[in-house]
Structure formats: structure tokens, C-alpha cells
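Engineer: Provided below are the primary sequence and the corresponding predicted coordinates.
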Protein chains: 6
Amino acid sequence: MFAHNKRLQYTVRVNEPNPGLANLMLEQFGGPQGELAAAMRYFTQAVAEDDPGRKDMLFDIATEELSHLEVIGNIVVMLNKGAKGRLAEGVEEEGEMYRSITGAGNDSHITQVLYGAGAPLVNSGGVPWTAAYIDTIGEPTADLRSNIAAEARAKIVYERLINLTDDPGVKDALGFLMTREIAHQKSFEKALYSIAPNFPPGKLPGKPEFTSVYFNLSTGPGDERGPWNQGEKWEFVSTEEAQAVDGGSGQASVELPSAEAEVVQTLAARTASHTETDPLTGAELGMGVSPEGMQELALEGAGAGDTAMSSPPSRKR
Amino acid sequence: MFAHNKRLQYTVRVNEPNPGLANLMLEQFGGPQGELAAAMRYFTQAVAEDDPGRKDMLFDIATEELSHLEVIGNIVVMLNKGAKGRLAEGVEEEGEMYRSITGAGNDSHITQVLYGAGAPLVNSGGVPWTAAYIDTIGEPTADLRSNIAAEARAKIVYERLINLTDDPGVKDALGFLMTREIAHQKSFEKALYSIAPNFPPGKLPGKPEFTSVYFNLSTGPGDERGPWNQGEKWEFVSTEEAQAVDGGSGQASVELPSAEAEVVQTLAARTASHTETDPLTGAELGMGVSPEGMQELALEGAGAGDTAMSSPPSRKR
Amino acid sequence: MFAHNKRLQYTVRVNEPNPGLANLMLEQFGGPQGELAAAMRYFTQAVAEDDPGRKDMLFDIATEELSHLEVIGNIVVMLNKGAKGRLAEGVEEEGEMYRSITGAGNDSHITQVLYGAGAPLVNSGGVPWTAAYIDTIGEPTADLRSNIAAEARAKIVYERLINLTDDPGVKDALGFLMTREIAHQKSFEKALYSIAPNFPPGKLPGKPEFTSVYFNLSTGPGDERGPWNQGEKWEFVSTEEAQAVDGGSGQASVELPSAEAEVVQTLAARTASHTETDPLTGAELGMGVSPEGMQELALEGAGAGDTAMSSPPSRKR
Amino acid sequence: MFAHNKRLQYTVRVNEPNPGLANLMLEQFGGPQGELAAAMRYFTQAVAEDDPGRKDMLFDIATEELSHLEVIGNIVVMLNKGAKGRLAEGVEEEGEMYRSITGAGNDSHITQVLYGAGAPLVNSGGVPWTAAYIDTIGEPTADLRSNIAAEARAKIVYERLINLTDDPGVKDALGFLMTREIAHQKSFEKALYSIAPNFPPGKLPGKPEFTSVYFNLSTGPGDERGPWNQGEKWEFVSTEEAQAVDGGSGQASVELPSAEAEVVQTLAARTASHTETDPLTGAELGMGVSPEGMQELALEGAGAGDTAMSSPPSRKR
Amino acid sequence: MFAHNKRLQYTVRVNEPNPGLANLMLEQFGGPQGELAAAMRYFTQAVAEDDPGRKDMLFDIATEELSHLEVIGNIVVMLNKGAKGRLAEGVEEEGEMYRSITGAGNDSHITQVLYGAGAPLVNSGGVPWTAAYIDTIGEPTADLRSNIAAEARAKIVYERLINLTDDPGVKDALGFLMTREIAHQKSFEKALYSIAPNFPPGKLPGKPEFTSVYFNLSTGPGDERGPWNQGEKWEFVSTEEAQAVDGGSGQASVELPSAEAEVVQTLAARTASHTETDPLTGAELGMGVSPEGMQELALEGAGAGDTAMSSPPSRKR
Amino acid sequence: MFAHNKRLQYTVRVNEPNPGLANLMLEQFGGPQGELAAAMRYFTQAVAEDDPGRKDMLFDIATEELSHLEVIGNIVVMLNKGAKGRLAEGVEEEGEMYRSITGAGNDSHITQVLYGAGAPLVNSGGVPWTAAYIDTIGEPTADLRSNIAAEARAKIVYERLINLTDDPGVKDALGFLMTREIAHQKSFEKALYSIAPNFPPGKLPGKPEFTSVYFNLSTGPGDERGPWNQGEKWEFVSTEEAQAVDGGSGQASVELPSAEAEVVQTLAARTASHTETDPLTGAELGMGVSPEGMQELALEGAGAGDTAMSSPPSRKR
């Protein structure tokens, strides 16, 4: 179970309020690479993990990410503190609040109007956090690679936020959070490579004839080679050879029971396209046939149509 | 910051594996009324709260909800433990695993194929958790009411899960979790009523002429009265009187600068509907006009159309 | 069934077009606390409700919220009317429209480019409305509390929009809409308290030993007491005492059939982490091992790997 | 299967970088009317289609839309190229990057901070693309109409983007993309009308007594007639006559087995509203009842409540 | 504004409860082709429409769709009525409710556990309704085509539900709802063709050289021709000719200011791939390099890495 | 640009129709680890990539993934072919189709009713594909790690589907698709390690004092050490030492301008909680206070409340 201490893992010293900057920080609070995603990624893995070492590590890091969620949340709240008071008390002169709320040049209007300048679990564009961000699938050799990648991404987003910020206190705290992603990536790498073998992930081996093939499906100007497709480790295959590589027809087929085959035929006949005709279309009507001509046909067509309702005419080829 | 102890707040003793039941339990793990929603609801409020008492209470309860998330997650994991092994090791005979995975009669197939029989943050139907479930807006007299309601809902979903379960260990742990929702609701109620006044929420009073009006907009068989619209506290208004209650025209209007008014006119003219005609329509074509007639017009129409591409004909009335 | 009259419930008199303000108003059109959410919340409850009084009340208020959806929608449309014409007719000079569409400082660009300056069901940040906003669960003592909270939230969002607006006609109509949320909250409160008892919600009582316990899980600077955890109504429990409150081990367990236990063992062995090693990791490779050393090992490793594809080597400890 | 050539279908010549404009272009990259939606709409139809002609056409157009996705993606990337470099290398002076990223007046901050000024599959407001945009249902007479409509919408969004742009190279490429939507619409129209009959879609005819009825359910100022409800093709029915048009009671009913009927009664009794009372509500407490009076009752109520937990009192009418 | 009468537009007579069937019906309550989507589609268009005739028609049909939402909602509620009582009162014997809730073979477990067997705005798979289903863009020649397509789709889904149902009362009400989609489609067709010209939609003509071109981008077995690409109306172009159809290079380019060009170069250099090497990879480590070799390198690598943290080594080629 | 050949990359030979199995296959068509996610992940990276080698590789693999999307889509369509015909033509006897559609034990009902047994872009639980699944952020050392992880996950999901299937043709095609994920992972690994250094990702180094610290935040039974936190590379820090690791107060602060500080005070005072009282709450009312007492207070409270509407009483302590 969890316990909480109201002292933060890292002290947050914000120099001055800035709701626009607060909003950018939400990226790491409720965004896809943010701390909630990290905490929940590791927490749910920890709960389902059976290996004692990994389980403990996942709980350790999940707990730290929750603590980071708190740090970044406090940065948001401090940057928004003045805005929250002004909005709640409505003390601005007429029009002043509108100008301030639309002047930030980003989505801080949502944060303010909808969330009262609080700390909502949305990204910097106001998109609510979703568990679709979490890609855990319950196999450690895959999940640890996902964790490694997630830490790399989070590190980069922090780097960008640091580049955007000139408040020294915010920059300092962001630097701490960014650094911890580096440390976590190192731990997850150690955990991955302490499973051996860990590649290919899972249990089934691949089909040997396709594990080292590279299909060169994009051609034209700028075709390049590199260690990912050259050398004796690779069999390099051109586009033309890439079709029906199993040596079959390249078609899809299914054995249908005869009753089903029959009904599939009926459906095909009912919805067949008559490729030999050039039917008049709605677009052609809409392009400018004279209303007179249209109305004449309309009367005729409508008559046919009304009949069609109760007893549809047989299709004419 | 947070700390974690690997002892649960409540011991989980599952009698036997049951992936179908595991899946129902996800409702309170990653569902809208579940423990992640609760934990994040209170945690984000706590971070943004300035009142020392409420802030502490919100952190206390958020931390407990995280601990409950762990309890319900462990129930899911225990119920799924056998399924996880069988799926990962692929030891079943041909077809056996398909039958077991589709035999649960609920969405346990997703949990198994996609999530490896782990503990994903989805509801019992496989819908990923979203922060759209959290309705915090940053005003305590509204948020505390939202919390009260959230606890009431969570209590009910636990009650339903208890009714569905006959594993005594699961039932016991669910009973604990359900009870805590009752206790939390009591705390939030105390916190709401310790703000005075707390109604109406916020700062602006309403327009006095409309605060005690009840509009009887649904009529017909089954019209009823009750304390919500009868007695001297209420002014009861019928449908007809409910239109344009400000005494105006009931129309919407805007003062447009003349340049804008002009362009709005141009738009209106371009897209005007010609209500006096009865144009031939695509549906009428589709109802069965003879192909011969269609094709004649097609040639004519297409000719007009091709010209229309580069220089659209003036609209003809 | 429904009927509609083209007179609004409240006359909308907008002073001048303002697409930026229009966009903020979308919060109450297609936002989480907006009128569609309110209308659908009560409508779906009304359809499922059996109590004649509540059913009628829910239909009355649902119908009024639909009428409010129309009022706020008209405000949006009036504020956008000029922008709609300019965009559709493309009459601006080069670059002028770009400047006007990106100058609003909020998401009015989406409303204009994607929705043609219409009235889409999105919030002020362009997030589409979702039924995940509706928290109805089909038990009146919970749903009425949810309705009370929803009205409180909607009241606050209107209050904020009123503070942001200096167009007197918009302010006036918003004032009406805000006031009605107060009246609706009063009705829902009466409906809740006309069910007795209504607490705890539902039918199952809690476990008596946990209904009045307060777990003090957040400690450290700023620990506070209040009516939510002090006095003789409450048992106040510290963090340490909060573990395994059932008196058990605080562990999760399940009784697995022996066949399943065996396969779980197999899985554990296959994915065990070898905690006694310090394996070389990808991160370490990436930190700057000299290419010479890397390539030598690469050749060696690749050889082993190619073999591994068809017949994975036994794990070495 | 697919092949790719690195030459674009249409050359992209961007005059100068402009991240704000890049962001608007995302509407047709990852927005609801954009090229991914188009490509996936036709591709999935093609895969499931059995009619050889339509199948081929759908693959042709799906492949072209993928090629358009590449063109619009390249426009985005070129407009963002400078921003991407500045952000990744962090070479700006303090505060400069913040000003540039929030100065675009739209959501280019998300594109930059979260996506590194790349080409993400989001709309111009940062909302991730969702397959909920695709309305294919697997019946050609419906799906072809959906395709026709989708092309019409895409054409309009391109028209708006062209009006917003003054970069001649971007305008030129957008003009090509817009034109192709016209051509595709023409193809889909031909395909629809080459199925005969194609209206009503599907196989079941409607109930003849209701296929030509128009219910005039919106009345009041501005009531109008047009070809959609006037003339001898239509039966025009007023609001009052529109209720229970089957001639029944207009009520919903179900035959319940007696055991179920009984439990429904129990539920109704337990949650009945007592319409004859005027109960004190939480809102009334919150409006300002004096604390003294409140506390007296509180003690009394709490006592009753505590007992209620383990054995709820019988409901008193 | 709206008014409501508790008599339904069509009487609902359900023969017997069936929660599994109830769940399928949700497809037209809260699904993408369902009645809420229809009602909101037309309602939001009506609010934004300026043409008096279309505005009235859209309100008429929107109001009818709301009334249909009520009819289908009542079908759901009646089919669920017994289940709701059993679930709320918990009167089943142990295990019985679990069997009944998982025995329906579809997602009725969500409807029951989460929504209390009510009428939630989800599709038959439990996915919450989203406004992303609505494709209105604010141009009538596009929106009316979208409406036509939407009615066609809704007609088909009703047809499928009718085929699935053998409860005669449900079948009868579904038949009415299906028929009304036919009538609505007819109205929208009339409204579309009463705008002239309506093709191409919007105002800008296409580039004449591309409006009648058909690119044959899918080739191979099954290549077909039809009215969508054959005849003198079409120019038929092969894959090879389809590249760079503007006659340019088929490349994307942008004119970068020199400062930006420089930083782009820096970024390129920093992240360049060294295509001449064959670096050792993590996958190769994971494939089975002997632990001995790994550990030796690990020590070496880690040393380099630790230094790298504070001062990253210059990239070595 | 893209071209398409109607021959598949791998021949699909399905033994017999099976809509339930079709539905499981959707996991790799429109699920988070499926082929659309893969194709779009690499395609969008390719478009934004400047390094010629990586750009070409990303286009090669994106094109192959599109071809795999076609293969898995054809598997779905073949497995569903009979069901599609039966549903569209409605030839079953009464009740038969209901039984067959709900008998699959998974979400094939959605696929059939909503999508007509086609190939929709949803996962096996019916959740629509979302671009939120794609985690590309535009920095190659992060994105390549994300790609490596994505391939590992896709490999595992294919492995699970293979274990579930006993149709030899489906199994064979799945084996090909699974194997290609192994090959792609190998390519992405080579591409990652051909950037040097690639760790830490991005440009900013971390704070040296925190890059090698491990915080042991989860304690209690089961605490373990491993290469991720032991040895001389790591500094191991206990929970207590982990608070305020910067040596500060662990508090969050902001310097507020005095005007803002004042309004924040006003807000705090207005919403302060009165911790010394024990207010009567709504829950206590709901627990069973006698109606008589309630009504007396109700009258009193309501009087105060009505006044409060127009002029809220000062808060009383």
C-alpha cells in the first residue's frame, strides 16, 4: 500500500506566475509521455509481475513517478496561482480577463475556464489522458523494451520544456525530473538484459526463411543502404520479388459451406455494379442540368420511386 | 511524495482462478467509477487545493484510493494467474485455448490476447480509462459535491460486483473496498458543509426571478408533482409560458458590421434552397428510373458538368 | 416524444461578432459541464426511471436543458456569423484570413477551418463531446447526487464565462442559463431527500468496523484535522496501522490447480531475471563504447543470434 | 501489396517556414476529413468488397489517398523544418523559444513540444485521429453514399485552407489535392448509380404508410415548406398527430415473468420518492442555516446514522 | 425551444425481457449510426443554418430523431427491466447472477454492472458515444450529402437488427424507425438538389487538368474498368505516369533562412546514421552472447557511460 | 507515392469461416499493437525524417506494414465471409441469427451488426483505433527505441493469436507476419546503434548527482536487489532520504505580485473550511433523521435560502 508525505521529492521554487507556461507543463502531467503515464505503466506491471526482483523494481519506480507527478503538478499550480484567484473572484475590469485568457497563445483558456486553473490530467492541448497511452502487454521482454522507450521519450519532452523555460526555479526542477528518466532507463536496461535470451521476445521462434530478409519496398530517388539491410546478415529483396513470398497465388480464399456460398452469391448479385453502363449520377444533376429537364424527369422518376417503396423493381441490366 | 509497502491494505485470498470474473473486476480498476478515477480525482484536487485542512484530507484519501487500486488489481491478477501462464507458454492442445478464451461470455478475450491476462487500465468492456471521467473544476463547493457523488457511485458498483461473486475471498475484499467508499463519502460531506454558505456554489448569485421557477416542459400521461416543483417555494410554469421568458422575441440576433453583413448575404444567396421547385434527386435515380432515360440525361448533364468545372454556371432560378 | 418551437426560451442579443468569444462559449455547448451533457444525463435517466415523480421531473429538466443547448448554440452562431461568411466566400485579401484566424488566441481556428464557424459539439479546446462525461449508473440515490454535483459544476463554468464576457447581451443570456442550474440543483436535492433512507446509497450495509475509520495516509508538514476525521464519530488510524487491516498477511494469493501451477512455474523460469549478474545493456552500448570493440562483438553476437532464431539456446546462468 | 516511390505524386515547393500554418495543415493530415481517414475508409472497404469492379476502384483511390497523405505530410514537415531544428538543438536565447512557440495563435505548441515539429496524426487542434471518423458499415449502397459525402467534405476543408494560405507553393499543392476530391466524388457517384436499384439502400422495404410522411415537429416563427415536405409526394403531419402514430397508447411495456415482476416491485418500493413531503436538503443546509441549529441536529442525525450502517432503519413515510 | 410529451411517437410492446437483445439495440441508441448521432447532427446544423427552409426542415427532423432516441431507449429499458431489478436487489442465489450476466454472449455485462441495466449512450460494444461521429462541417452542399449517407447507414443497421430479432413488438417498432430513415433520406435529397449548382460543393472550381483524371494505382490480378474510370469523360492514367504529375521533381522543398538552415544542419549531424558500420545491437546482446563476454564489455562500457553523463563524448565515426 | 498490386505479400488460405476467430484477429488489424499502428508509426516518421538512410528504411518498412495490414485484413474478411452474406441477406430462420451472433463469446456481434462483418479498424473488443497509440516524438534516438519496443509487442500478440488458432492456413500466415516483426526489430536495432552516442537520448546531459541514484521507495516483504540498483554503478537511497533531495524545504512556492496575492487571499477566505465545527451533512439527513424534524428545519432553512439567492449572507463562523 501507499503512504504520502507532504514534502515533495524536489523543492519547487517558481519565480513568477505564468499561465501560458503552466499549460505547456501539462504535457508532462497529463500528456502521453508524462508522469501519470509513467506511474501507471510501471504500477500495473508491478501488480501483475511474478519475478520478485522486477516486481520490486517496478514498484520502486512507479512510486517515484507518482512523486514526480506531484512535483510537476505543483509547478503547474504555482504558475497558475494568480490566474486561479482572479478567475474565481472575478475581480478584473470588464474585458481584462478575456484579454488575459486569450493572450497566452496556447490552450491555457481551457485550463482556466474548464478546470479553474487547477492541475487537470490533460496534455498541453487539452486532450484528456487516456490509458491508450500505455502499451503494456504482459510479457517482460516486450514490456521492458517499452519502458526503455518510454523513458527515452519522457527525457526528450523534458529537454524541450527546459529549452522553453527561463524561470530558473522551474528549469531546476525540470532538470531533476529529466535526469531521473535517464536513471530509470538504465535500470530498465539492466532488467531487460538480465533475462537471457531476451530476443526474439516471447517463446515462438520465427520462420527461419524470413527472419533475415529485408524487403526494399520503397524505391526511387534517395534509395539508401545501411546496417539495417546490408551485409551478409541480410537477404535484400526487391519489390517485385516481395509479392506472394510463400510461392502461392497471392490471393485470399476460404472454404465456404455450400449454404453460405449460395447466400454470398445472392448478396453479390444484388449489389453487383453494372460496369457496362454510364449511369446518370447525383453529381451530374448537381453540376447544372437545367431545372426544366430535371423537373420533367423528377415527375417520372418519382412515380417509379413511389412504387419501388413497397415492391422494389427487379434490377435491369 | 509517495512511499510504498508491498503489504496490501487488505489481504486478498482468491479461492480459484476465474478469468471471466477477473474481467468484471476491471470495472473498479480501470472503469469510470473505479479506483484510478478516485485516486486521480482526489490527488489532482489535493495538489491544487490551498485550504490546509481539505488539502490534507484529499491527500489522505487519494493515497488510500491508490492503495485500493492495488487491492483490486491484485484480485484481477490472482483470478487471471492460471490463464496468464497457459497463454504465455502455449501449452494447450489445439483449439482448447480458443474455446477457453471465448467461453467466458465477456471481454476476457481482450484482457488475455492484448494484455496477456495482466491488469490493464480498462473497464470490464475493454474501454481504456480516460481522464474525461474526472469532473474536477477547481471550486471546492462543486468539487466536494462531485466527490460525494463519485463515492456513492463507486459504492453501488462494488455492491453489484459483490452480488455477482461467490468466491468468499473476493467477496470479503470487495466488502472492505465498498465500505471505505461509505466512509469517504462521510468525510467529503463533512468537508462540504464546513464551508458556509456552500449554496449556490461559487460567488455570483442567480437572477432572483428564475431561481425558484420550475418549467413543466414534459406533459402528457404520467405528469406528476413532488417537492421538487410544488409548494410555496416554487413557481410552476407551463410549456407555453416557458418561451422567451425574458419577454423578448425569442430570436437570436447579432449586430454585424456592414462588410460582414454583405458577405453573409452573398453566402446566403449562393447556397439558397429553391423551395418552389421539385428537383429530381439521386434517391429518385436510385429507385429505378430506366437506364435508357438516365443515360440520355447523363450525356447532357456531363457536358454541362465538364464546363462547370472551370467556370461554374450561374445559378438558375 | 418531443416538439420544438423556433422561439428560444431566452432571447439572444449579441452586440458584435467575436469568434474568439464564440469559442469559449463552446465549453457549455459541447464541453463536459455543458448543456448536451446535462440534457443527455437527465434524458437517459428519465427513460430508465420507474418512479413516476422522478421520471416526470427528469423529462422536464432534460427538455429544458435541450432548450438551453439551443440558447448557447445560438450565442455561438451569432458570435461566429461574420467569420462564417468570410471563410465560406473567401473574400479576404491574401494573408488577412490567416491573421484573423490565428489572432484569437484560442482554438477558434478549429471551429472555423474544420467546422465552418458553426456550432460543433466540442469543448473550448476542440475536444469532441463524449458520453464518458455522463456518470449515470442507474441507482437513484447515486444518480441524484451526481446530478446535484453536475448542476453545481455547470453553475461555476457559467460564472466564469460571465466574468470573461463584456458583451451585455451575451452576459444577460448566460446569467439566465446559470440561474437555471441553481434551480435544477434545488429540484434534484428535493428529489434525493424524498427518498429515505438515501445513505448509504444502495442496499448493502458496509462492514461496521470500517465505516467510521479515517486512515491518515498523508503525513508530514501541513497535517491537519477537521470534522472529516475528528470527534467521536471517527476512529483515526495512522499509516503503519493501515496495512493489512484485516489482520492477515497483506499478501495476495490464489489456489491454482496443479496443472496451472506448473505452467506458471515454467513461465517464471523462462522469464526469470538473473539478479546476480551485471549484464551489458543497450544503453551502455549507446553511451560510447568504441566502434572497434562493438564491431568485433557484433560479428560474434550475430553468429550466435542467427543460430538462435531457429533453435534458441538454453538460458545460461 | 503496396510499393512506394520516394517521388511524390505532386511536387511540394514551400516558400518559407511557418509552424502556425503547418499546424492548420494537420487538419487534412490527421483530421476527420483528412487523407488518412480517406485512405483507410477506402482501403478497408476494398479489402472487404467482393464486386471486382468496386474492389479495384477502391484500391485505386485508397492508394492515391495514401499518396496524398504523403503530400500533405510533406507540406507540414517543410513548414516546420526550421522550428524542428531550433527546438531539438535548443539554440535560442532564453525566452525566445517560448515566445515563438506561443506566438502562433494556434496549437502549434503541441506539435512542437510533444511531437518535435514532426507530422503527427492529429487534427489542427491536437486531437488524435480516431477510427471513429470512419463510417463504413459494409453495404455498398450506404458506403458509396458515405464516400461521396466524405469527398465533398474534404473538398470544402481544402477550399478553406487555400483561402487561408498565401504561400504560392502550398496553395498550388492544396489546389491539386482539392481537385482530386472532386474527381473521386465523381467516381463514387458512378459506382453508386451503377448499382440498380440503390434506393432504399439494403434489402428490406419500409413500411409503406410511413415512407412518405413528413412530421412537422418544429413550429413557431419561421415555419417553411419546400420540396422536402410539400407536393403530392408527401403527407404532411402536424405535431399533435405525430404521437403514437401506430394508433396505440404511446406507452412502453414488457411482459415480465412473475418472479421478475416481484423483484421490480421491491426495487420500486425501496427507492420510491415520497412526493407528499418537503424534506430538508443539503442545498438548504448550505444556504445558511445557523451553525447552532445545524450542530444540534447533527448529533441527533449522526447517532441515527451510525446505527443505520449495520441495520438500516425502515423507511418512514 | 423544446417540449416533451410522455406519449411515445410509436408504442413499444416488448414480449419478454432479454438483456442480450437489449444490448444489441444500444447500437441505435448510443452507437455511431444511432439516434443521438442523428438528432445532434441535424440539431447542430439547424442552429447554424441561415436558409429558412433548410433550418426549419433540420429542426423538424432533429426533433423527430430525439423522439426516436426515446423509442429505442424504451425498447432497451423494457428488455432490461427484469435484469435491472435482479441486479439492484441482489436476490439471486450465489453464482446465479454471474452465470446470467456472462451468458448473454455479448457486452450486456457492461450495461448491467456499470450502468445498472439502464440506457447508456454507448454502442453495442460498450464504447461511449462521441461527437467524432458527427461529420458536419458547415457547408450545406457537403452536409446534406453527409445527412443522406447517414440516413442510408442508419437504415441498414435497423435492417440488421430486424433480422436479428424475433420479438414481434420489437420488430414492429424497429420497422417504424427504419422506415423513417428512408423518408428522411428523401427529404435531404430534395434539399440538396434544391441548391443549384451543388457540384462541386463549395465555391472554388478544381484545376481543370485533374478533375477528370483517374489514376490506376492498383494493378495486378483483378484489374477492372467501370463507369468510374472508363469512357470519354475520363482520362485513364497508369501508375508510372502518376508520379510528380505537376511535371516537377516530385521532391518537397522549403526555403530556409540561413540561421535556420544552419541549425538544421547541426541537428542532422548530431543524429546522423553511420551507414558504413555494423554496430553491435541490443537485440544481438539479447540473442545469446555469453555472459562472460557481456560482463567484460559492461564494465568497460559503463565506465565510458558514467563519464558521458556529465560531459558526453564527441561522436566517433 | 504509393502503388498497389492486388497480389498479397503472403497467400491467405482459410480453412473455414469462423466469425469469432475473425474478431480476435482484429487485434492486429485495428488494435494498438496492430499493423495500422505499425504502418502509420513508420510512415509519419519517414515523412519527417531528414537522414537519408533512416528515411528510406522507414519508408521500406512502413510500406511492408501496409502490405501486412492487407494480409491480416484478408484473414478477417475470409473468416467473416459467410456471416456477411447471411446478415446482409437475412436468410436465417427467426432467432437463428441472434443465436449465432451472440454465440461467439466475444465481440463479433459489433463487427457484424455495426460493420456488416467487414474489416473495421477496431481492436478485438470493438474499440476504434486511435493515433494515441502512436508514440513518435520526432527524435530518432527515442523513436527508434519506441519502434524496437513496438515490434517486440507485435511479435508477442501474433504469438498469442497463433496459439489460439487451429486453422492451419491462418496459422501459417500469422507465422509469416510474426516473423517479419522479428526482422523489423533487427533493422531498427541496427539503425539505433548506428547513431553514436545514442544514450542518453537527445542533447542535454542529466544532473550528474542524480543519474546513478536508485530510490528504494517500495519496501516491506519482497524487497529485492538486482543489477538495476546494486553494484558500484548505483547509489542506493532509502525512502526517508528521498524527500526534498535538493536539500530544500520540499515545499512549492511562487512569488505572486501583490494584487494577485490579495485576490488569492480573498478566494481562500471565501472557501475556507471551518475545521472546528461538526456541521450537519446531507449524508446524515439521508441516514434517517425523522421527517418531522427535517421539515421544521426545512421551512426555516428555505426561508434563509430564498433570501440568500439575491444577497448571500455573510459567512458565520
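Structural biologist: The structure has been received and is ready for your questions.
Engineer: all strands of the stretch 201-317 of chain A, in order?
Structural biologist: Across the stretch 201-317 of chain A, reading from the start of the chain, the strands by DSSP state E, counting those that start in this stretch fall at A:213-216, A:218-219, A:235-238, A:252-254.
Engineer: And those: which comes nearest B:Gln230?
Structural biologist: Between B:Gln230 and the strands of the stretch 201-317 of chain A, the shortest gap by C-beta to C-beta is with strand A:252-254, which sits at 66.0 Å. (Each C-beta comes from the backbone N, C-alpha and C, glycine too.)
Engineer: List the buried residues for the closest one?
Structural biologist: For strand A:252-254, burial by neighbour count (16 or more other C-beta atoms under 10 Å in any protein chain shown) applies to A:Ala252, A:Ser253, A:Val254.
Engineer: Format these as a markdown table; extra columns: distance to chain C and pLDDT.
Structural biologist: Written out in a markdown table, the entries for those read as follows (distance: C-beta to the nearest C-beta, whole Å; pLDDT from 0 to 100):
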| residue | distance to chain C | pLDDT |
| --- | --- | --- |
| A:Ala252 | 28 | 96 |
| A:Ser253 | 29 | 95 |
| A:Val254 | 31 | 96 |
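Engineer: Out of those residues, which is nearest to chain B?
Structural biologist: Using C-beta to the nearest C-beta, A:Val254 is the member of the buried residues of strand A:252-254 that sits closest to chain B, with 17.4 Å.
Engineer: who's in contact with that closest one?
Structural biologist: Counting by C-beta atoms under 8 Å, 6 or more residues apart in numbering or on different chains, A:Val254 makes contact with F:Val14, F:Asn15, F:Glu16, F:Pro17, F:Met78, F:Leu79, F:Lys81.
Engineer: ok, what's across the strand from it?
Structural biologist: The residues listed as beta-bridge partners of A:Val254 by DSSP bridges are F:Val14.
Engineer: what's the spacing between A:Glu93 and A:Arg225?
Structural biologist: Here the distance between A:Glu93 and A:Arg225 works out to 66 Å (C-beta to C-beta, to the nearest Å).
Engineer: So which of the two has more stuff around it?
Structural biologist: Set A:Glu93 next to A:Arg225 and count neighbours by other C-beta atoms under 10 Å in any protein chain shown: A:Arg225 wins out with 17 against 7.
Engineer: Would you agree that one is in contact with E:Thr275?
Structural biologist: Yes: at 6.6 Å, A:Arg225 and E:Thr275 qualify as touching, with contact defined as C-beta atoms under 8 Å.
Engineer: joint contacts of the two?
Structural biologist: Taking C-beta under 8 Å, 6+ apart as the contact rule, A:Arg225 and E:Thr275 both touch F:Gly53.
Engineer: check contacts around A:Lys186.
Structural biologist: Counting by C-beta under 8 Å, 6+ apart, A:Lys186 touches C:Thr281, C:Ala283, F:Thr211, F:Ser212, F:Trp228.
Engineer: Out of those residues, list just those in helices.
Structural biologist: Taking DSSP state H as the definition of helices, those contribute C:Ala283.
Engineer: Adding distance to chain E, write the contacts of A:Lys186 out as a markdown table.
Structural biologist: Supplementary listing: the contacts of A:Lys186 in a markdown table, determined by distance: C-beta to the nearest C-beta, whole Å:
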| residue | distance to chain E |
| --- | --- |
| C:Thr281 | 7 |
| C:Ala283 | 7 |
| F:Thr211 | 5 |
| F:Ser212 | 7 |
| F:Trp228 | 13 |
